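> The following comprises the amino acid sequence and a computationally predicted model.
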Protein chains: 2
Amino acid sequence: MAQFDLTDATCVATIRTLAADVVGKANSGHPGAPMGMAPAAHVLATRFFNTNPSNSKWFNRDRFVLSNGCALQYIMLHLLGYKLSLDDLKAFRQIDSLTPGHPEANHTDGIEVTTGPLGQGFANGVGLAMAQAHLGAVYNRDNFDLIDNYTYVFTGDGCLMEGVASEAASLAGHLQLGNLIVIYDDNHISIDGDTAIAFTEDVSQRFLSYGWQVVRVDDGDNDLEGIYNAIAAARSEKSKPTLIRLRTTIGYGSKVQGTHGVHGSPLKADDIQSLKSKFNFPPDQSFYVPSETYAAYRAVARRGAELEAAWTTLLGKYGEAYPKEHAELTRRIAGRLPEGWEKSLPVYKPSDPAQASRKLSEIVLTAMTPKFPDLLGGSADLTGSNLTKAKGTVDFQPPSTGLGAYSGTYIRYGVREHAMGAIANGLAAYGGIIPFVGTFLNFVSYAAGAVRLSALSKHQVIWVATHDSIGLGEDGPTHQPVETVVHLRAIPNLDCWRPADGNETSASYLVAIRSRETPSVLSLSRQNLPNLEGSSIERAARGGYVLYEVEGKEDLTIVSSGSEVAIALEAASKLKQEGFKVRIVSLPCWSVFDKQDKEYKLSVLRSGAPILSLEALSTVGWQKYSHEASVKYLLSWYMLMTVFSNTACKDGEHQDPSRRCTRNLALPARTLLRWARK
Amino acid sequence: MAQFDLTDATCVATIRTLAADVVGKANSGHPGAPMGMAPAAHVLATRFFNTNPSNSKWFNRDRFVLSNGCALQYIMLHLLGYKLSLDDLKAFRQIDSLTPGHPEANHTDGIEVTTGPLGQGFANGVGLAMAQAHLGAVYNRDNFDLIDNYTYVFTGDGCLMEGVASEAASLAGHLQLGNLIVIYDDNHISIDGDTAIAFTEDVSQRFLSYGWQVVRVDDGDNDLEGIYNAIAAARSEKSKPTLIRLRTTIGYGSKVQGTHGVHGSPLKADDIQSLKSKFNFPPDQSFYVPSETYAAYRAVARRGAELEAAWTTLLGKYGEAYPKEHAELTRRIAGRLPEGWEKSLPVYKPSDPAQASRKLSEIVLTAMTPKFPDLLGGSADLTGSNLTKAKGTVDFQPPSTGLGAYSGTYIRYGVREHAMGAIANGLAAYGGIIPFVGTFLNFVSYAAGAVRLSALSKHQVIWVATHDSIGLGEDGPTHQPVETVVHLRAIPNLDCWRPADGNETSASYLVAIRSRETPSVLSLSRQNLPNLEGSSIERAARGGYVLYEVEGKEDLTIVSSGSEVAIALEAASKLKQEGFKVRIVSLPCWSVFDKQDKEYKLSVLRSGAPILSLEALSTVGWQKYSHEASVKYLLSWYMLMTVFSNTACKDGEHQDPSRRCTRNLALPARTLLRWARK
């Protein structure tokens, strides 16, 4: 099996020349890494990788992540027979092609996760490996190793410099993920030049410190046997992830191999010709794939199809032996939610006691968890604050720690927000899992790089983001987000919820869980919130609704969200005593409200009277949902409200009094809260 | 010197009991870490730390960073005689006190950087140490070691789990920062409990892999001599940063010492009493400071005052020997900009060739650099793309690498955006330096945690954020930010510029450099932009202005920014041929425009005709600067413009056609660009 012959050399040369051609045709991209990593890609694909290109969603396939995302993955997918033609390769980096500049999940057949932004793929790989460990522990039985795939990650120097990868690597070592194999393209080159200018740490020692196995291959350019043995050694180590440190020459075969000149720019035409001649390929022919290369990879595809067939048979037998587990597993594989899960969502009356929405979130999780094994949650070391751990859940831990089991559903992420977000993307990408993650809203910003990729990749990740405003109190300005929610609201395909009470919290979970291709952030209060007259799951699930209506024509509508809705209601009540009719609109989720039909939206935010927004955050963006007009006249009585209010554009006057430091915001906000409580 | 006696024990006990009292009085906070770190704080302060509490800005003071930001720093500042009274300690965590929940720079006397958000302080410390290394190399001469302070950082498990700290630690090792001493409170406890649940890596080995010296102290609770020796060993190692791994008991002296119960909650009243009895302190007295404790710390303050006096004398003699260097150094220490620096800002005419604003930025940097030694810049491994390296600059590198010198002004950050942002905060906090940092706009999001602290801390950091829209082209959706600029615009005390041409780029640098207490992000194009008729540095420096005026009453105003302004101008020209009068407003910086007087703002965005916004980003927030009205009538001819346009709120109809995935945005955007180029 491990013997390598001329066909293998041809295959490797095919990958290298295709990389040069693909990047050359696009006149943009990174030819060096795929040329350097061609041997590893070939050995992995032909000797180890279990995949069925004709069904790229086969559940027990090995997962592959190209963390240093580039053309290599497209080339391999094409050779292996995924739905990616030579013409697709020729359209590399062109608009709306199947081969965008960096690989994107849910866009190109066979791409598991979106990579290119460095470090993300590495952490996604940790998530994919955790998903296997978890589902294997839950569903495998003696003689039924239904879920036992490996996760392979290719990574480069750039990824390993990123903090998100460090965080994920440390956690992967702690979790003893023997199913995770990372091949590090140790080519000493990044965009600015030799890694000697900024990256001189001992990477091997670092990964040993995390508890990884580290294996070296000194000639990654040619030593196919060495690569084979390294991967075999990695697979044998069952209780540690493995880093294979593969010394390669970037752009191997090019006249400028080993320099950063070959990192991010196409090879020159004569260099491509010389490269092909060197490998005995026709120098003038582009996108040339020898028939023996196709043959070699089609054999891999055949093997994969046989593996899937055998697996399907095994799954059938499993169904006879373990009908209950089989039903649940196949439901999860199919991506169906548990029957009637919504019924466990709590419903509240105004007479129910006031509670913090983080607590309301805990109640939802506790209610759902027993019938919803798909939920795999955790927190970045704020469990007691985020209230993310439902009663009775077991920690996801290696059994040897004595602290839990791989079948456990609660993940201790440590203080690693960015990795947590990227790992959750991996968990979601694996399938059968709905990951939720917890931290303070303020620290979702640490993970912004992963959050935007959840949205782009259509990964259903749910953020339990507590302590969501100056209402968090004593931790002070360093922990008080004002810009975070509008940041999240501006990310396409992400729903950011700020529920105002119990029913709205249930509604946010309802929509977040039903939205199988959209991540959600639930922005939750530290402080208690009353249950509101007029709220309901159904109404809140539309993203916005009239919480409090007046008879006849209103003087004012206040539109608000989250912990400020109750304050708005109190303001309306006070103003009523003074003869003003004030409607209250609760708008917990802009993006969901925006999708409602026009007539409905017009009925909620209707014309004819001013609309004032009220939120203890930056006012940026609220102008879309609020009118100008007589806001100021109101302010003459309730000056304090200027702190939160948005005075929308009128005659080019764009006053925005809350555009100030969180510190300044805090004092009047407290005063306002006190006022509202009177 | 290293002998420790009863007075030292009393001092340590004072810190511990004060920590219990401060947190107890606030009924909120973290007593455990200050109680555990009291011995280290005492040894450092009394035996090593050079500081003059009566002048907390003495330039050659040692820098102290409490990365696991808590009450300890306030207690030490009070004892040392900074402007922080016992009453201030009693106001811990109260609104508008000098002692907010976590230490804040430019708020409390003696606080160098803002900490609490974990990992930031660690990376700030690397920046402070780099600043010393740089300024020392530039200005020190034989017998004139004017700048030779140390930077001491206290850090905990939480900080070391964060990726930002990993990135910074790796770079600090590469940079061989012998002046950086980190004391790691190795107490095995974080908020979720024992670190065994998530953080089991070998921290010592990790730091060795980065090239640090690692020293252990096994009994950090009592072994003052051991702590002394460890710090002394750290100071002796001149070519490596040192991690002192100090094994402590969290909440030492409490009945619940060593548990996470003492991490984030006040001690119970009886526990505080028992603690005081244990240390022979009056159990019923709160905030008790024995006179010998004050005496010990006042001696430190006296020593510091003497040190500053001697330093000032030395500086005077330096002035005689090196008048030019002296003038420059004292100017930088005083925070004055070089005389006439603005004159180097390039001015452009419309006939000048079109250039990318990233290139225009490089031209500014190249023009300013020779006369502006305060600028210390770098990039996160995208130098050739960000164009941040001015011609002739030398790399900031340890001399032993042969790649540069500590006097060099160009920093190779590696692919470490988050650490870069936090390090820049440290560079700015040191004084005498204006740091600028480069990456793609998309990856500023990786550093969001540091960016918000620049703003809160009033650190002047300038981000050169290139490739700022779908205009970056082939890298594709993974690298195309749409939400980033509005995120930055929502951060109080941060100016986000999107210059449209050469003059606007110069204007953005003008204001960014003049804003000594405000960070700025310059959002710059990859693609070429023409120089616009009507732009000028002066006009653009107001944040927004009328670029193109019509005679009489306009039909429409288009308000735009950055690379879309030229497109708006072309649209105006096309519409003119069809008989429409279209004004163009360029609005490169919202926050600066917002600060202009009302009359001016009304003259720019005037009433009477619709205002349409045009930007190749999320439309969130533009509603503040654009009217409703007849936008749709325009769209009937120029449907493509809907992609960028914001149709502001009208009668509750909140259509926002561009709220979609970046991928979808890209195609019509390209089409629009092509259209505009016709």
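Arrived safely, thanks for sending.
> hang on, isn't A:Val182 packed against A:Thr242?
Yes. Shown here, A:Val182 and A:Thr242 form a contact pair, counting by Cβ atoms under 8 Å, at 6.9 Å. For every residue, glycine as well, the C-beta is placed using N, CA and C.
> Those two: who's more crowded?
Shown here are A:Val182 and A:Thr242; by other Cβ atoms under 10 Å in any protein chain shown, A:Val182 has more neighbours (30 against 24).
> what's the neighbour count on the closest residue to the more buried one other than its chain neighbours?
Leaving aside its chain neighbours, A:Val182 sits nearest to A:Val153 (4.5 Å; criterion: Cβ to Cβ, 6 or more residues apart in numbering or on different chains). Residues within reach of A:Val153, counting by other Cβ under 10 Å, total 30.
> In contact with A:Leu128, which residues?
A:Arg63, A:Val65, A:Glu112, A:Val113, A:Thr151, A:Gly426, A:Leu427, A:Ala429, A:Tyr430 (Cβ atoms under 8 Å, 6 or more residues apart in numbering or on different chains).
> In three-state terms, how would the residue nearest to A:Val182 be classified?
At A:Val153, secondary structure determined by DSSP: H, G, I helix; E, B strand; the rest coil is strand.
> That one pairs with what?
With DSSP bridges as the criterion, A:Val153 is bridged to A:Val65, A:Val182.
> so where is the stretch 501-650 of chain A shaky, pLDDT-wise?
By pLDDT under 70, the low-scoring segments of the stretch 501-650 of chain A are A:626-650.
> Mind jotting down where the helices sit in it?
In the stretch 501-650 of chain A, the helices defined using DSSP state H, counting those that start in this stretch lie at A:502-514, A:537-540, A:565-577, A:590-594, A:598-604, A:631-635.
> returning to that earlier point: how about the contacts of A:Leu128, which pair is most distant?
Distances among the contacts of A:Leu128 were taken as Cβ to Cβ; the most separated pair is A:Val65 and A:Leu427, at 13.2 Å.
> coming back round to it: with neighbour count, pLDDT and secondary structure as added columns, please give the contacts of A:Leu128 in JSON lines.
Shown next, in JSON lines, are the contacts of A:Leu128 (neighbours: other Cβ atoms under 10 Å in any protein chain shown; pLDDT from 0 to 100; DSSP: H, G, I helix; E, B strand; the rest coil):
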{"residue": "A:Arg63", "neighbour count": "26", "pLDDT": "98", "secondary structure": "strand"}
{"residue": "A:Val65", "neighbour count": "31", "pLDDT": "98", "secondary structure": "strand"}
{"residue": "A:Glu112", "neighbour count": "26", "pLDDT": "98", "secondary structure": "coil"}
{"residue": "A:Val113", "neighbour count": "31", "pLDDT": "97", "secondary structure": "coil"}
{"residue": "A:Thr151", "neighbour count": "27", "pLDDT": "98", "secondary structure": "strand"}
{"residue": "A:Gly426", "neighbour count": "32", "pLDDT": "98", "secondary structure": "helix"}
{"residue": "A:Leu427", "neighbour count": "30", "pLDDT": "98", "secondary structure": "helix"}
{"residue": "A:Ala429", "neighbour count": "28", "pLDDT": "98", "secondary structure": "helix"}
{"residue": "A:Tyr430", "neighbour count": "26", "pLDDT": "98", "secondary structure": "helix"}
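> on that earlier part again, redo the helices of the stretch 501-650 of chain A as a markdown table? Include distance to chain B and mean neighbour count.
Below are those laid out as a markdown table (distance: least, Cβ to the nearest Cβ, whole Å; neighbours: other Cβ atoms under 10 Å in any protein chain shown):
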| stretch | distance to chain B | mean neighbour count |
| --- | --- | --- |
| helix A:502-514 | 17 | 26 |
| helix A:537-540 | 17 | 20 |
| helix A:565-577 | 18 | 20 |
| helix A:590-594 | 6 | 22 |
| helix A:598-604 | 5 | 15 |
| helix A:631-635 | 13 | 17 |
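> near chain B, which residues of the stretch 401-550 of chain A?
Contact residues, the stretch 401-550 of chain A versus chain B (Cβ under 8 Å from any Cβ of the partner chain): A:401, A:403, A:412-419, A:442-443, A:445-446, A:448-449, A:452-453, A:455-456, A:473-479, A:482-483, A:486-487, A:489-493.
> So which of those are in strands?
Per DSSP state E, strands hold the following members of these: A:Arg412.
> Now which of the residues of the stretch 401-550 of chain A next to chain B would you call buried?
Among those, those classed as buried by 16 or more other Cβ atoms under 10 Å in any protein chain shown are A:403, A:412-419, A:442-443, A:445-446, A:448-449, A:452-453, A:455-456, A:473-479, A:482-483, A:486-487, A:489-493.
> how many neighbours does the residue in chain A that chain B sits nearest to have?
Taking Cβ to the nearest Cβ as the measure, chain A has A:Gly163 as its residue closest to chain B, at 2.0 Å. For A:Gly163, the count of nearby residues is 31 (other Cβ under 10 Å).
> ok, so what distance separates A:Gly125 from A:Leu180?
To A:Leu180, A:Gly125 is 6 Å away according to Cβ to Cβ, to the nearest Å.
> list the residues that contact both of those two?
What both A:Gly125 and A:Leu180 touch, as defined by Cβ under 8 Å, 6+ apart, is the set A:Thr151, A:Val153.
> Compare those two (neighbour count), which wins?
Shown here are A:Gly125 and A:Leu180; by other Cβ under 10 Å, A:Gly125 has more neighbours (35 against 30).
> Just to be sure, the more buried one is in a helix?
Yes. A:Gly125 sits within a helix when classified using three-state DSSP.
> in what helix or strand does A:Arg358 lie?
Using DSSP states H and E, A:Arg358 sits in helix A:357-368.
> Show me what secondary structure element comes after that helix.
strand A:375-379.
> same question for that following strand, mean pLDDT?
Across strand A:375-379, pLDDT averages out at 98.
> burial of A:Ala450, as a residue count?
As a burial measure, A:Ala450 scores 31 neighbours (other Cβ under 10 Å).
> likewise A:Glu551?
Under the neighbour criterion other Cβ under 10 Å, A:Glu551 is assigned a count of 6.
> Please apply the same query to A:Phe440.
A:Phe440 has 28 nearby residues by other Cβ under 10 Å.
> Also A:His263?
Other residues close to A:His263 by other Cβ under 10 Å number 21.
> One more: A:Lys343?
9.
> Then A:Ala13?
Burial of A:Ala13 is recorded as 22 neighbouring residues (other Cβ under 10 Å).
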